[in-house]
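[1] Sequence and predicted model, in that order:
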Protein chains: 2
Amino acid sequence: MASERPNSAYPECVTRLIEEFGKLPGVGRRSAERLAFFVLKSPEPEAMRLAQAITDVKRKIRHCSTCWNLTDADPCPICRSEARDASTVLVVEQPKDLISLEQTGMYRGVYHVLMGRIDPLDGVGADSLTVKDLVRRVEQPSANARGVAVREVILGMNPDMEGESTGLQIASEMTRRGIKVTRLARGLPAGGQIEYASKAVLADAIACRQEL
Amino acid sequence: MASERPNSAYPECVTRLIEEFGKLPGVGRRSAERLAFFVLKSPEPEAMRLAQAITDVKRKIRHCSTCWNLTDADPCPICRSEARDASTVLVVEQPKDLISLEQTGMYRGVYHVLMGRIDPLDGVGADSLTVKDLVRRVEQPSANARGVAVREVILGMNPDMEGESTGLQIASEMTRRGIKVTRLARGLPAGGQIEYASKAVLADAIACRQEL
C-alpha cells in the first residue's frame, strides 16, 4: 500500500508527529495520521495542554522510595498518611493494580509494588523486581516512610501461574522472617454466574469456602 | 464502573495526562490510561519527542496562502516548484486528499484545498470554504505563488452527494470565467471485482466508458 511508504508529501514535522503517535501502543499508521490531523486542526492551547501533560508527567512522576507506587511527592501520599495502617502491606505487581484496589476504598493499609512478576520464560527473576526492598521494609522498620514495623503481608498478585509462583517466593521470604502472610481471597466473582464460571474459579470457590 | 469516576489515587499530573489523551478521537477512558502508562514507562527522551512533535506541528504548520495545503513554508513546496504545471489546479476537499493524490506520483499540476465541502445540512456553504480564494486565483494570476494564469480546474471532490454538489458550484464559477473544468474519472476501482461493484459504480463505468 502507498500509505506504508514514507510520505514526502507531508511537511517534515507532520511526518515526525505521525511517527511519534505511531509508537504508542495500539496506534497503527492510519490512526497515527488521524491523531496528527486532529492535533493539526485543534486550537493551539488545547494541543499544547497534551504536550505539557506529557512533559509534566515525565518531569514530576517518580516511584515512591518506600513502596514503588507512582507519585509526584516522595514518600507517596499513601505511605505518608497517618490514617493508614502501615503495619499491613499489600503486595501488588503493578501500579495499576494498586489503583484498582485503592478505588474500592476498602483497604486501609499500605502497599508494595513489585514492578513486575517472576516469569522465568521472560527471564524475570526476583532480582529484577523490588522484592529486596520489601525484605528491607520488613527487616528495618526505618525503611518505611513512617518507621512502622510490618506485621502482615497480603499477597495481591494476579490469580494465574506467574502470580502464584511470585507469591510463593515472597511468602517464603516473609514467613522465614516471622511475618504473617495472607493472600487476596479467591472464589466466585461478584455479579458473575456459576453457570459460566470456569473450572478453576469453581475449584477455588469450593476449596476456599467461607464459614458464615 | 469504578473506572469511570475521577480517580484520586493517581497523582494529579497523571490524571491530567489521561484526560488529555482521552480527548483524542477514538481514545476512550481505558485506552487513555494505557497510553498514559506507556508514557510513564517510556524513557524520558522518547516521551519528550512526542511532546516536542506536537509543539512543533502547532508552531510551524500553516496553510499555504495560495492553495491552503498544510505547510511549514509559505508558499508550499508544490506551489513554489518550477517543475509543476501551475496552470492546472486540482481542487480537493481536505489536505488528506491532496496527500493521497500526491502519493500516486501521477499528477504534475498544483492544488487548491477547499477545507471542507458544501453541506447544507451541516450549515456549510461556499462562504465557509476557500472557494473565493480559488476564484481570486483564476481572476488574478498574481494571486498564484508563481503568477501563472489558471487554464484548467480539475474537480477532485469525493464521489458522493456533497462532493457532487460542491463540484457543481465550483464548476459554474469556473465556466463563467472561461476556465476549462474537468473532474477525476469515475468507474471501476482497479483491483476490484465487477461481481461485487455497487450499482452506482457500474452505472459510472458504463456511462463514462472510455474509447480505446
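    Right, received. Where do you want to start? Residues are numbered from 1 along each chain as shown, chains lettered A, B, ... in the order given.

[2] alpha carbons only for contacts and neighbour counts from here, please
    Fine.

[3] Up against chain B, what does chain A have?
    A:2, A:7, A:9-11, A:13-14, A:16-17, A:20-21, A:24-25, A:34-35, A:38-40, A:44, A:47-58, A:60-61, A:70-72, A:99, A:102-104 (C-alpha under 8 Å from any C-alpha of the partner chain).

[4] Can you show me the helices along chain A?
    A:12-22, A:29-41, A:44-60, A:77-80, A:95-104, A:131-139, A:161-176, A:199-207 (DSSP state H).

[5] can you tell me which of the ones you listed the model trusts least?
    The stretch with the lowest mean pLDDT among the helices of chain A is helix A:199-207, at a mean of 83.

[6] Need the contact partners of it.
    A:186-188, A:194 (C-alpha atoms under 8 Å, 6 or more residues apart in numbering or on different chains).

[7] ok, now which ones touch A:Asn158?
    Counting by C-alpha under 8 Å, 6+ apart, A:Asn158 has contacts A:93, A:164.

[8] quick check: longest strand of chain A.
    Counting by DSSP state E, the longest strand found in chain A is strand A:85-92.

[9] Who are the packing partners of it?
    When contacts are defined as 3 or more C-alpha pairs under 8 Å, 6 or more residues apart in numbering or on different chains; DSSP states H and E, strand A:85-92 sits against strand A:109-113, strand A:152-155.

[10] on that earlier part again, would you tell me which one of the helices of chain A is buried the most?
    helix A:12-22 (a mean of 21; mean count of other C-alpha atoms under 10 Å in any protein chain shown).

[11] And the pLDDT at A:Ser81?
    95.

[12] on that earlier part again, and which of the contacts of helix A:199-207 is nearest to chain B?
    The shortest approach to chain B among the contacts of helix A:199-207 belongs to A:Leu188, at 18.7 Å (C-alpha to the nearest C-alpha).

[13] how about the nearest residue to the closest residue to chain B within chain A, chain neighbours excluded?
    Closest approach between chain A and chain B, counting by C-alpha to the nearest C-alpha: A:Ala51, at 4.2 Å. With C-alpha to C-alpha, 6 or more residues apart in numbering or on different chains as the criterion, A:Ala51 has its nearest non-adjacent residue at 4.2 Å, and that residue is B:Ala51.

[14] mind checking how far that neighbour is from A:Glu20?
    Look at B:Ala51 and A:Glu20: by C-alpha to C-alpha, to the nearest Å, they are 9 Å apart.

[15] now A:Arg146
    42 Å.

[16] just A:Val181 next, same as before
    45 Å.

[17] According to the record, where do the domains of chain A fall?
    A:2-55, A:70-183 (automatic domain parsing).

[18] okay if I get these as TSV plus distance to B:Gln169?
    Converted to TSV, these look like this (distance: least, C-alpha to C-alpha, whole Å):
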stretch	distance to B:Gln169
domain A:2-55	26
domain A:70-183	55
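
[19] A:Val124 - how many residues pack around it?
    A:Val124 is flanked by 13 other residues according to other C-alpha atoms under 10 Å in any protein chain shown.

[20] got it, and the one 5 residues further on?
    Counted with other C-alpha under 10 Å, residues neighbouring A:Leu129 total 18.

[21] B:Glu102 is in contact with A:Ala9, correct?
    Yes: between A:Ala9 and B:Glu102 there is a contact at 6.5 Å, judged by C-alpha atoms under 8 Å.

[22] A:Ala197: what's it in contact with?
    If a contact means C-alpha under 8 Å, 6+ apart, then A:Ala197 has A:Leu188 as its contacts.

[23] State the phi and psi torsions of it.
    When quoted as degrees, to the nearest 10, the phi and psi of A:Ala197 stand at phi -70, psi 150.

[24] quick one: it and A:Gly187, what's the gap?
    Where A:Gly187 is concerned, A:Ala197 sits at a distance of 10 Å (C-alpha to C-alpha).

[25] Ok, A:Val39 next?
    In terms of C-alpha to C-alpha, A:Val39 sits 46 Å off from A:Gly187.

[26] rewinding a little: in this structure the residue of chain A closest to chain B contacts B:Asp56, no?
    No: with contacts counted by C-alpha under 8 Å, A:Ala51 stays clear of B:Asp56, the gap being 10.1 Å.

[27] Name all residues that make contact with A:Gly167.
    A:Gly167 neighbours (C-alpha under 8 Å, 6+ apart): A:155, A:157.

[28] 6 Å - rerun?
    Listed by C-alpha atoms under 6 Å, 6 or more residues apart in numbering or on different chains, A:Gly167 has no contact partners.

[29] Next one: it from A:Lys199, what distance?
    For A:Gly167 relative to A:Lys199 (C-alpha to C-alpha), the value is 22 Å.

[30] before we move on, what about A:Pro95?
    Applying C-alpha to C-alpha to A:Pro95 and A:Lys199 gives a distance of 29 Å.

[31] Likewise for A:His112?
    31 Å.

[32] Start and end of stretch A:91-99, how far apart?
    Where stretch A:91-99 begins and where it ends lie 13 Å apart, using C-alpha to C-alpha.

[33] Which residues does the longest strand of chain A contact?
    Under C-alpha under 6 Å, 6+ apart, the answer for strand A:85-92 is A:108-113, A:148-157.

[34] related to what we said a few turns ago, thinking the residue nearest to A:Ala51 is in contact with A:Ala53, fair?
    No: between B:Ala51 and A:Ala53 there is no contact under C-alpha atoms under 6 Å: 8.5 Å.

[35] how close does A:Leu134 get to B:Gln140?
    76 Å.

[36] whoops, I mixed them up, A:Glu20
    A:Glu20 sits 41 Å away from B:Gln140, going by C-alpha to C-alpha.

[37] do the same with A:Val181
    Distance check for A:Val181 against B:Gln140: by C-alpha to C-alpha, it reads 84 Å.
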